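**Q** this one's structure only:
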C-alpha cells in the first residue's frame, strides 16, 4: 500500500514547480504566490461578510465558492495555519 504524502497539495505544487528550475528567485516567487493566495482569502472573506446571500448573483456565488474550494483543496489554509503556529 502506498504511503500518504503528508505534504499539502500547495506544498507539493510548489515543489513540483521549482523542481527543474534554477533556485534563483524561488523565494521571491513563493512569496508572490503566497501573497496572491492571501489576497484571495481576504477577498473571499470580506465578500462573504459584506454581500448578503440574497443579493448575490449566480456568477458571484459560483466564483466565491470556487475560490474558497481552491484554497481549501490546495492546502493553502492548512499551510498558512501551520506556518503561523510555527510548525
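**A** Noted; the coordinates are in hand. Worth saying up front: this structure is predicted, and the values here are computed from it rather than measured.

**Q** pLDDT below threshold where in this protein?
**A** Applying pLDDT under 70 to the chain flags residues 1-9, 17-18, 20-26, 86-87.

**Q** So residue 37 versus residue 14, what's the distance?
**A** 11 Å (Cβ to Cβ, to the nearest Å). Every C-beta, even on glycine, is put in place using the N, C-alpha and C of the backbone.

**Q** Tell me where the protein has strands.
**A** With DSSP state E, there are no strands along the chain.

**Q** what does the longest helix along it contact?
**A** Taking DSSP state H as the criterion, the chain has its longest helix at helix 26-50. Contacts of helix 26-50 with the rest of the structure, by Cβ atoms under 8 Å, 6 or more residues apart in numbering, involve 10, 14, 18, 60, 64, 67-68, 70-71, 74, 76-77, 80.

**Q** Can you list the buried residues in that helix?
**A** For helix 26-50, a neighbour-count test (16 or more other Cβ atoms under 10 Å) marks 34, 37, 41, 44 as buried.

**Q** any idea how far it is from the chain center?
**A** Counting by Cα atoms, centre = their mean, to the nearest Å, helix 26-50 is centred 7 Å from the centre of its parent chain.

**Q** Nearest spatial neighbour of residue 53, chain-adjacent residues omitted?
**A** Closest residue to residue 53 apart from its sequence neighbours, by Cβ to Cβ, 6 or more residues apart in numbering: residue 61 at 7.5 Å.
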